[in-house]
Each structure stands twice: as C-alpha cells, then as structure tokens.
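**Q** Give me a 3D structure for the following:
(one chain, ligands or ions: 2)
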Amino acid sequence: MIPSVKVAALRYAIEKRVGTAAQDAEIATRGDQRRQEIHGALSEALVVALGPEDVARAAIEAVERMGAPWTAFLLGSGIPEGSAPTQSNRPRVLASSGMDEQALQALGDRPDVREWLANPAGHSPYSVVPADKPHGAVLGLFRLRGRADDLGCLAVAALPSAARDESFWDLLAAVANWSGVALERALLHRRLEMAFAEARNTQRRLLQAEKQSAIGRLAAGLAHEIGTPLNVISGRAEMLLEEIGGTSQRSAQSLRSIITQIERITGLVGQLLDFAREHAPARGQVPLADVIGAVLELLERAFAKAGVEVSTSIASDLPKVRADKNQMQQVFINLLMNSIDAIVLDPERATKGRGHIVVSAKAVSRELVKVRVEDDGHGIEAANLNKVFDPFFSTKPVGTGTGLGLAVVYGIVAEHGGTIDIQSRWTQGTTVTFTLPVSPD
Ligand SMILES: Nc1ncnc2c1ncn2[C@@H]1O[C@H](COP(=O)(O)OP(=O)(O)OP(=O)(O)O)[C@@H](O)[C@H]1O
Ligand SMILES: [Mg+2]
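**A** Numbering: from 1, shown residues only. Ligands and ions are numbered 1, 2, ... in the order given. You can find the predicted model right below:
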C-alpha cells in the first residue's frame with residue numbers, strides 16, 4: 001500500500017511535470033515558429049542579396065526582428081576590398097543597427113573583438129563576452145564562416161533579459177551560419193566582377209599596344225616612301241649644282257643648302273627606320289659607347305626641349321658587350337625617355353632648376369659590364385617601386401604612357417643574361433642599374 005500522502009505527493013509531482021512539459025512544449029513551439037519566421041524572411045533576403053553589403057543588411061534585419069538593440073556585421077580585416085587588401089587592420093563594418101559611428105568604432109577597437117577577429121578559429125562558433133557597456137548588456141560574437149576561412153563576425157549586444165534565453169543565442173548562431181554562406185558567395189561574386197573588369201582593361205591596353213606597334217610599322221613604311229623621292233631630289237639638286245654652279249653664285253648657294261637639308265632629312269629617316277624596323281635579335285660585339293652616343297644624338301631635341309643637361313661617364317677601356325645593337329638602343333631610349341618624363345613632370349621642377357641625367361658604364365668584372373642611368377626627376381613612390389617593371393604599369397596621364405617601356409627593358413636585359421635594378425625615392429630621383437655580359441674576343 002502506498003500511503004496516501006505519498007500518493008498525493010506523487011500526483012502533485014506528476015501533474016507538475018506534465019504541466020512543465022506542456023509549458024516547455026508551448027515555449028518550444030513558439031521558439032520554432034520564431035525560428036522559422038526569421039529563417040524564412042532571411043532566406044528570402046539572402047537569395048536576392050548580390051553584394052556583401054546586401055547580405056549584411058539582411059542579417060542585421062533578422063537580428064532586429066529578434067529584438068536585439070545593438071548589432072553590427074563586421075568583415076575581418078584580412079578580407080580584401082575588391083581585389084585590393086584592406087588598408088587598415090580594423091574590421092570593416094558592412095552594416096549595423098542601433099549604433100552610431102562612435103559606438104561602431106569603439107566596438108571595432110575593443111581588444112577582445114580584435115583578438116577574436118584575428119584568431120576566430122581559436123574560439124567557439126559563438127562566444128559571449130561581458131560587455132563593459134552599455135548597461136550590463138552582453139556582447140555575443142558569432143563567426144561568419146566561409147568554407148576555408150572565417151570571413152568576419154556578427155556582433156550582437158543583448159539585454160540581460162534576452163541574454164538568459166538560450167534559444168536566443170542558438171537562433172543568432174543560426175543567422176550567422178546562414179549569412180556566412182551567403183557572404184562567401186557575395187564576396188566571390190564581387191571578386192569575379194573585379195576580375196572581369198580587370199580583364200576588360202587589360203584587353204583595352206593590349207589593343208592600345210597593338211595600335212602602337214602598328215604605328216611603328218606605319219612609320220617604317222612611310223620612311224621607305226619618303227626615302228625614294230628624297231634620293232631623287234638630292235640627285236637632281238646635285239646635277240643642277242654641277243650645271244649652274246659656275247654661272248650663278250647665289251643659285252649654287254641655294255642648291256647647296258637644299259642638299260644639306262635633304263641630308264639631314266635622310267639621316268632622320270634612316271634613324272626612324274632603324275628604330276621602327278622589327279629586328280630578329282642578333283648577338284654581336286657591341287661597343288656601348290657608340291650605342292649611347294647614337295641614342296643621345298637621336299634624343300638631342302627631346303633633351304633640349306625638356307631643358308635637361310645630359311652627361312656621360314663611360315670608362316675608356318669599356319669592353320664590348322655581347323648584345324643585340326638594336327635592342328640596346330631600345331633599352332637606352334626607354335630609360336632616357338622615362339628620365340625626361342620624370343624631370344618634365346616633376347612638380348618641384350620650378351624650385352629644383354635644370355634637370356640632370358647621367359649615363360655611366362664600366363666593367364665590374366672580366367665578364368660583366370655595369371650600366372647606370374641616373375636622373376633627378378620626381379622619383380618613384382615606395383609603394384610603386386615593385387610595380388614599375390610590370391607591363392602596363394604607368395603613372396603617366398592617360399594616353400601618354402602605355403607602361404611597357406620598363407617591361408621591355410627588363411625583358412631585353414634578362415634575355416641577354418643580365419640583371420636590372422631600380423632605386424628611387426619620391427622627389428629625389430631615380431637610378432636604373434643593369435648588367436650585360438662582356439663579349440668574348
Ligand atoms: N626615371 C624614372 N623616374 C620616375 N619614375 C619612373 C622612371 N622610370 C619609370 N618610372 C615609373 O615607372 C612607370 C613605368 O615606366 P614604363 O617605362 O614601363 O612605362 P611608362 O613610361 O609609363 O609608359 P611607356 O614607357 O610605355 O611610354 C612610369 O609610369 C613611372 O611611374
Ligand atoms: Mg617609359
């Protein structure tokens with residue numbers, strides 16, 4: 001027999017359990033409903049979210065619906081902005097709710113948030129840290145996980161009443177998981193867009209380069225065309241000079257000046273042909289002093305126009321190099337044109353006065369000759385130094401530089417078995433140094 005007291009106690013206990021279970025079930029149902037509602041709305045928003053910002057906005061709206069007073073969607077500081085890495089080591093805020101600029105900054109600067117973002121893998125998918133402010137609220141940090149890396153975090157500050165409810169945190173963790181997947185997709189989409197834009201740009205620049213080489217071919221054709229009539233004119237002028245030279249002093253003088261001018265034009269046309277013609281690389285014994293001399297002469301007018309003083313320091317016993325003469329000319333033209341541009345475009349030119357270029361060459365061993373082209377132009381910003389040899393990198397105004405000059409120089413020097421180095425400081429000037437192999441006798 002069970003004593004009645006015990007029966008009553010048992011019944012009470014059973015009723016209480018049943019009652020609690022019913023209440024629990026009701027709470028669970030309400031929790032499920034809320035979870036489903038929020039999931040439904042968030043999924044709908046995430047399906048149409050294209051950019052990372054849209055994903056962030058959708059997540060924040062979901063959290064707003066849950067009644068959290070302060071929320072922010074932070075992207076990790078290592079995540080590139082488009083194709084460029086983020087500049088600061090501060091996390092990037094993609095969206096927020098209930099926080100002004102100052103509060104967001106304070107949140108991003110919190111050592112625990114920073115540490116958490118720097119090492120998300122060292123933490124659980126979500127962790128709740130005591131917030132110093134506001135008013136005893138609790139700060140929850142939820143990892144936004146991509147497939148390989150963490151992308152950032154969802155920071156939610158909750159009031160103590162909500163903070164005690166475990167399902168609240170579970171639901172937030174779910175929101176962060178759903179958003180993390182969508183965020184990764186959105187970042188990928190953005191990178192693809194950037195890559196497409198870059199590819200289009202490269203194609204445009206290649207077309208431009210193609211156009212330039214077409215201009216080179218055109219110049220070569222034109223030089224041929226001009227060469228023939230020039231020959232005829234100078235031949236006839238010489239004939240006339242012979243015929244009437246003895247009779248009229250004035251006519252003879254005029255004919256002589258016609259011949260001199262034609263010789264000048266013929267010389268220019270010859271140089272143009274030399275430079276425009278495409279040559280198959282040929283290795284020969286090249287006296288660099290002659291190449292440098294010829295290029296300096298060719299650029300004489302450009303130096304004069306830019307007000308540049310050029311000097312050379314070429315060792316008298318400089319051995320010949322094993323090289324392609326035309327390619328060597330190309331190297332010096334490209335380097336000297338860059339120096340002229342750097343002097344002309346120098347914003348401090350007015351205070352610096354005349355620009356200077358020094359070309360020097362000497363043997364540094366039995367096998368190597370070292371050449372140096374130095375200028376006191378505007379120099380190169382430190383951030384650009386490792387980009388200048390990249391094809392298509394140019395800081396010159398649109399349409400003036402194709403960014404191929406140094407890439408070509410680099411290619412030629414490397415093909416010859418030499419090395420090239422550029423040293424520069426912004427506002428100070430630039431020195432390009434390269435080596436070439438000494439030609440065996
Ligand atoms: N002597 C120099 N002084 C300062 N900057 C230089 C110098 N030489 C090169 N640079 C920098 O490097 C960039 C790339 O040079 P590069 O010769 O490859 O292209 P570019 O001169 O811009 O165009 P292009 O040579 O095709 O006309 C230049 O735009 C410039 O910013
Ligand atoms: Mg150049």
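**Q** And the next helix or strand past the lengthiest helix in the chain?
**A** In terms of residue count, the longest helix belonging to the chain (DSSP state H) is helix 166-244. The element immediately downstream of helix 166-244 (helix or strand, assigned by DSSP states H and E) is helix 249-276.
**Q** Now do residue 375, the pLDDT please.
**A** pLDDT, the model's per-residue confidence, is 98 for residue 375.
**Q** In contact with the residue nearest to residue 255 when sequence neighbours are not counted, which residues are there?
**A** Nearest in space to residue 255, with sequence neighbours left out and distances taken as C-beta to C-beta, 6 or more residues apart in numbering, is residue 241 at 4.3 Å. Quick note: C-beta positions are derived from backbone N, CA and C, even for glycine. When contacts are counted by C-beta atoms under 8 Å, 6 or more residues apart in numbering, residue 241 is found next to 252, 255-256, 259.
**Q** Residue 360 falls within a strand, correct?
**A** Yes - the secondary structure assignment for residue 360 places it in a strand, going by DSSP: H, G, I helix; E, B strand; the rest coil.
**Q** Give me the three-state assignment for the nearest residue to it once chain neighbours are set aside.
**A** Spatially, and ignoring its direct neighbours in sequence, residue 360 is nearest to residue 313 (3.9 Å; C-beta to C-beta, 6+ apart). Going by three-state DSSP, the secondary structure assigned to residue 313 is strand.
**Q** Give me the pLDDT for residue 313.
**A** Residue 313 carries a pLDDT value of 97.
**Q** So what's the residue count around the residue of the stretch 51-200 of the chain found nearest ligand 2?
**A** With C-beta to the ion as the measure, the residue in the stretch 51-200 of the chain that lies nearest ligand 2 is residue 198; the distance is 21.7 Å. When counting by other C-beta atoms under 10 Å, one arrives at 12 neighbours for residue 198.
**Q** Would you mind measuring from it to residue 204?
**A** Applying C-beta to C-beta, to the nearest Å, one obtains 11 Å for the distance of residue 198 from residue 204.
**Q** ok, now residue 335?
**A** 26 Å.
**Q** neighbour count winner among those two?
**A** Comparing residue 335 with residue 204 by other C-beta under 10 Å, the one with more neighbours is residue 335, at 25 against 9.
**Q** who are the neighbours in contact with the more buried one?
**A** Contact criterion C-beta under 8 Å, 6+ apart gives 373, 405, 409, 432 as the residues in contact with residue 335.
**Q** farthest-separated two in those residues?
**A** Using C-beta to C-beta, the two most remote members of the contacts of residue 335 are 373 and 405, lying 12.1 Å apart.
**Q** still on that earlier bit, tell me the one of the contacts of residue 241 nearest residue 104?
**A** Distance ranking of those against residue 104, using C-beta to C-beta, places residue 259 first at 80.1 Å.
**Q** tally of neighbours for the closest residue in space to residue 288 that isn't next to it in sequence?
**A** Closest residue to residue 288 in three dimensions, ignoring its sequence neighbours and counting by C-beta to C-beta, 6+ apart: residue 361, at 5.4 Å. Around residue 361 sit 20 other residues, with neighbours defined as other C-beta under 10 Å.
**Q** looking at the sheet around residue 361, what are its partners?
**A** According to DSSP bridges, the residues that bridge with residue 361 are residue 314, residue 371.
**Q** That one and residue 375, how far apart?
**A** Residue 361 is 16 Å from residue 375, by C-beta to C-beta.
**Q** Could you check the helix or strand encompassing residue 55 and say which residues are buried?
**A** When secondary structure is defined using DSSP H and E, the element that contains residue 55 is helix 52-65. Residues 52, 54-63 are the ones in helix 52-65 that count as buried (16 or more other C-beta atoms under 10 Å).
**Q** Does it pack against any helices or strands, and if so which?
**A** Helices and strands in packing contact with helix 52-65 are listed as helix 4-48, strand 70-75, strand 92-97, strand 150-158, helix 166-244; criterion 3 or more C-beta pairs under 8 Å, 6 or more residues apart in numbering; DSSP states H and E.
**Q** what stretches of this protein score poorly on pLDDT?
**A** Residues of the chain meeting the criterion pLDDT under 70: 1-28, 77-90, 130-137, 208-216, 270-281, 391, 399.
**Q** residues from it in reach of ligand 1?
**A** Taking C-beta under 6 Å from any ligand atom as the criterion, the neighbours of ligand 1 within the chain are 334, 338-339, 342, 375, 377-380, 388, 393-396, 401-407, 430.
**Q** Generate a ChimeraX selection restricted to the buried subset of those residues.
**A** For anyone working in ChimeraX, the buried entries among the residues of the chain next to ligand 1, judged by 16+ other C-beta under 10 Å, can be selected with:
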select :334,338,339,342,375,377,378,379,380,388,394,401,402,403,404,405,406,407,430
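**Q** Take the residues of the chain next to ligand 1 and keep only those in helices.
**A** Secondary structure assignment by DSSP H places 334, 338-339, 342, 405-407 of these in helices.
**Q** Which residue is the nearest non-sequential neighbour of residue 358?
**A** Leaving aside its chain neighbours, residue 358 sits nearest to residue 374 (4.6 Å; criterion: C-beta to C-beta, 6+ apart).
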